[in-house]
Every structure is written in C-alpha cells, then in structure tokens.
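>>> coords below, sequence missing:
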C-alpha cells in the first residue's frame, strides 16, 4: 500500500512542477532576473521524477502515466489561461499565451520523458553487463563440464580397455587350461590303452 502511494505521488509531483511553471516569468533566458536558474532546477526535478517513474512503473506504463499527466496539466493550464487571461499576460493575445504555456508544459514533460529514457538506458546497460557476466560464467562452467566429461570418457575408455584385456587374458587362460586338460586326458587314455593291451597279452 505504501509503495503504491509512493509510486503515484511522484507523477503527481511531476504534474505540480509542470503546472507551477505557468506562474513563472515568460522570459526563459532572462539572466538578469535569474529565471534560467529556476527553469534549470524545474527541468532537473522533472528529469528526476521521470527517472523515478521509470524505475517504479516501468517504461510502458510509466510513459502512459507521464503522458496522461502532461495532457491533464496542459488542459488545466489552458483552462486557467482562458479564465484568468489578465494574470497570464494582459498585453499578449490569448492564442499566443495558450501556445507559449502549452510549449512550457510540453518542454518540462519532455524532461520527464528524457529522465525515463536515460534511466531505461542505464538499466538496459546494467542488464547487458550482468548478462555478459552470466554468459562468461556459463561458458566457463560449460568448459569445465566439457573437460570433466572428457576426463570421465577417458577413464571409462581405460576401464573398458582394462576389462577387455582382463577378459582376453581370462579367455586365453581358460583355453590353455582346456587344452592342457585335453592333453592330459589323451595321455591318460593312451596310458590306459597300453596297460589294457599289456594285460591282455599276459
């Protein structure tokens, strides 16, 4: 609730700053009366409001809010100028006053939008840097995993080769044992035959 109030207080402040500019002298760059300093401070404050609005409300929704505030304040300013035309420059034409004060409002509103754009750019640059760091980290992790996979594959190949060589040795030993047993059986049979033959001769 508190955050929501703070979010929408700043656009209201922006509207008040833009509306307050209507009550300043029409000579923007009159350095003798130091109007330029006042306009500069108003511009900086509108820039800061735009910055904060973009941070809290985002580019799309914040832009809509700033645009709505700007249109509302310009409309209210036009109503004030029409009804209090004596105060807002009695020596000038009403249409000139309407255009002049509308341009003032638009200029300060543009400073707010400029603040939003700068904040969006800075935020985008920060996100790009963070993403680059993440990509570097993930590439390093992928490289480590690749090396680990290669090591595991080499170990698996070595184990497989050892198992194969052990199996070959066992099979050779088994074949040798079989051949030896066969030879021994043949010799035994041969010996038995010779014994039987001798026995028969006796």
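Alright, I've got the coordinates. Everything quoted here is computed from the prediction, not taken from an experiment. Residues are numbered from 1 along each chain as shown.
>>> for this structure, what spans make up the strands?
Along the chain, counting by DSSP state E, no stretch forms strands.
>>> so which residue is smack in the middle of it?
With distances taken as Cα atoms, centre = their mean, residue 127 lies nearest the centre of the chain, 4.7 Å away.
>>> on the pLDDT front, check that one for me.
What the model reports for residue 127 is a pLDDT of 88.
>>> do residue 132 as well
Listed pLDDT for residue 132 reads 91.
>>> and it, how many neighbours?
10 (other Cβ atoms under 10 Å). (C-beta placed from N, C-alpha, C; glycine too.)
>>> ok, it to residue 185 distance?
Distance, residue 132 to residue 185, using Cβ to Cβ, to the nearest Å: 78 Å.
>>> separation between the residue nearest to the centre of the chain and residue 46?
Note on residue 127: its distance to residue 46, by Cβ to Cβ, is 25 Å.
>>> residue 12 now?
According to Cβ to Cβ, residue 12 stands 13 Å off from residue 46.
>>> which one's more surrounded, these two?
Taking other Cβ under 10 Å, residue 12 and residue 46 do not tie; residue 46 has more neighbours (25 against 11).
>>> confidence score at the closest residue in space to the more buried one that isn't next to it in sequence?
Counting by Cβ to Cβ, 6 or more residues apart in numbering, residue 46 lies nearest to residue 111, which is 4.1 Å off, once chain neighbours are set aside. Residue 111 carries a pLDDT score of 90 in this model.
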